[in-house]
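>>> using only what follows, build the 3D model:
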Amino acid sequence: MTVTATAIPMLTDNYSWLLRDTATGTIGIVDPAEAAPAIAAIEAAGGRLDCIFITHHHGDHIDGIPALVERYHPKIIGNAADAHRLPKLDIAVREGDLVTFGAVQAQVFDTPGHTIGHIAYYFPDDGILLPGDTLFSLGCGRLFEGTAADMFGALQKFEPLPDATLVCAGHEYTASNAKFALAQDPSNQALQARAAEITALRAAGQPTLPVTLGQERATNPFLRAETAQAFATLRKAKDNF
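Residues are numbered from 1 along each chain as shown. Purely as a prediction, here's the structure:
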């Protein structure tokens, strides 16, 4: 394993992720909502920023980028199809593209649903998934632009990934998601154990992420939905929960 991912809390419940390729010293950051906490993390890591990965255009994922570009001059990576509403891209990517990051590569998934232009990044050599607002622990993103079928299809793209994959999502929504998940699946013992872990982590001021994809498969009602129709019913129930 050469790439590490470290959560950087931003705003009230966002996470940006600081990526470091230990083999080359390459540093990246994912979805920086704010400049100040990003800069603090970058400086603590050595004061270098080589690239910024963008999952989607929402302000709470890109508003810190202009200040980071001015200070560090990183390359900006994002969805070619959504370039018109993203900061100026240096590397415009599409489904299936591979992005070189130091000694490794990240695979690009097209994951519409939360937004039409949403993408996710996956480092297969290191088992790191950066799903933005597509997948949360015990939840998934709201459907602001896409349909339930879009989001169901996006989540299906993660199905081939190993259980050990680390899910590095964009928000700390896990405690509230757990309440809904338990209401849907109250007898799920793995979910009960995860909910207890979440309560302890948050009481200690610790993040609930990353979490393994295997844990999510055992506990996340949205990953356990077997059809797009079942997923749509769940998403509507969560919106009204």
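>>> so for the biggest helix by length in the chain, what's the average pLDDT?
The helix that spans the most residues within the chain, counting by DSSP state H, is helix 189-203. Average pLDDT, helix 189-203: 96.
>>> skip ahead from it and say which helix or strand is next.
Counting by DSSP states H and E, the next helix or strand C-terminal to helix 189-203 is strand 211-212.
>>> for that next one, packing partners?
Secondary-structure packing of strand 211-212 (3 or more C-beta pairs under 8 Å, 6 or more residues apart in numbering; DSSP states H and E): strand 166-169. In short, each C-beta sits where N, CA and C put it, glycine included.
>>> who touches stretch 234-241?
139-140, 142-143, 148, 151, 179-180, 183-184, 221-222, 225 (C-beta atoms under 8 Å, 6 or more residues apart in numbering).
>>> so of those, which ones are in strands?
139-140 (DSSP state E).
>>> buried members of the contacts of stretch 234-241 into PyMOL, please.
Under the burial definition 16 or more other C-beta atoms under 10 Å, those of the contacts of stretch 234-241 that qualify are selected in PyMOL by:
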select buried, resi 139+140+143+148+151+180+184+221+222+225
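>>> got TSV for the contacts of stretch 234-241, with pLDDT and distance to Pro74 too?
Listed next are the contacts of stretch 234-241 as TSV, based on pLDDT from 0 to 100; distance: C-beta to C-beta, whole Å:
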residue	pLDDT	distance to Pro74
Gly139	97	30
Cys140	97	29
Arg142	96	29
Leu143	96	31
Ala148	96	35
Met151	97	30
Lys179	97	38
Phe180	97	37
Ala183	96	42
Gln184	94	41
Pro221	97	37
Phe222	97	33
Ala225	94	37
